[in-house]
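Asker: Pasted the sequence and its predicted model underneath.
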Amino acid sequence: MNPSYDEAEQVLKLPNSYFDRGYKKGKEEGIEIGVEKGREEERKEMLQTIPIAIKMLQEGMELQLIVEKTGLSQREVEKIKQQLENL
C-alpha cells in the first residue's frame, strides 16, 4: 500500500507547520516580554522624575513647565501637587 502523492505532501509539510506555530508563539512571547520591559522602564523613569516634580512644585513653578521638563502628564503633576497640599 503506497501513500498517495497528496498524503506524502501533507506529511512533508508537517515540520513546516510545527515550525510556523513555534515561530509564531516565540514571536508573541517576545513581544509580551518587550512590552513588559517597556512598562518597567517607564515606571523606573517615573519614580526618578517624581522627586524632581515635587521640588519644582515646592519652588512654586507652574504646572505646565513641570509637565514639559519632567515628561509627566498634567494629571500626574496635579495629583502630586494635591498630595503635597494634603500633607
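Answerer: Sure thing, it's come through.

Asker: what packs against the helix ranked longest in the chain?
Answerer: Using DSSP state H to define each element, the chain has its longest helix at helix 5-58. Helix 5-58 sits against helix 63-70, helix 74-85, with contacts defined as 3 or more CB pairs under 8 Å, 6 or more residues apart in numbering; DSSP states H and E. Backbone N, C-alpha and C define where each C-beta goes, glycine included.

Asker: What helices and strands are in contact with the longest one?
Answerer: Using 3+ CB pairs under 8 Å, 6+ apart as the contact test, the elements touching helix 74-85 are helix 5-58, helix 63-70.

Asker: Identify each buried residue in it, please.
Answerer: Buried residues in helix 74-85, counted by 16 or more other CB atoms under 10 Å: 76-77, 80-81.

Asker: chain center to it, what's the gap?
Answerer: With CA atoms, centre = their mean, to the nearest Å as the basis, helix 74-85 stands 24 Å off its chain's centre.

Asker: The first one now?
Answerer: Remark: helix 63-70 is offset 23 Å from the chain centroid, using CA atoms, centre = their mean.

Asker: Likewise for stretch 62-80?
Answerer: On CA atoms, centre = their mean, the centre of stretch 62-80 falls 21 Å from the chain's centre.

Asker: now stretch 56-71
Answerer: Relative to the centre of its chain, stretch 56-71 is centred 26 Å away, using CA atoms, centre = their mean.

Asker: What are the contacting residues of it?
Answerer: 45, 49, 52-53, 72-74, 77-78, 80-81, 84 (CB atoms under 8 Å, 6 or more residues apart in numbering).

Asker: could the buried residues of helix 74-85 be laid out in a markdown table, adding pLDDT and distance to G22?
Answerer: Formatted as a markdown table, those follow (pLDDT from 0 to 100; distance: CB to CB, whole Å):
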| residue | pLDDT | distance to G22 |
| --- | --- | --- |
| E76 | 93 | 41 |
| V77 | 95 | 46 |
| I80 | 94 | 46 |
| K81 | 94 | 51 |
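
Asker: Dump those residues to JSON lines, plus distance to G38.
Answerer: Listed next are the buried residues of helix 74-85 as JSON lines, based on distance: CB to CB, whole Å:
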{"residue": "E76", "distance to G38": "18"}
{"residue": "V77", "distance to G38": "22"}
{"residue": "I80", "distance to G38": "23"}
{"residue": "K81", "distance to G38": "27"}
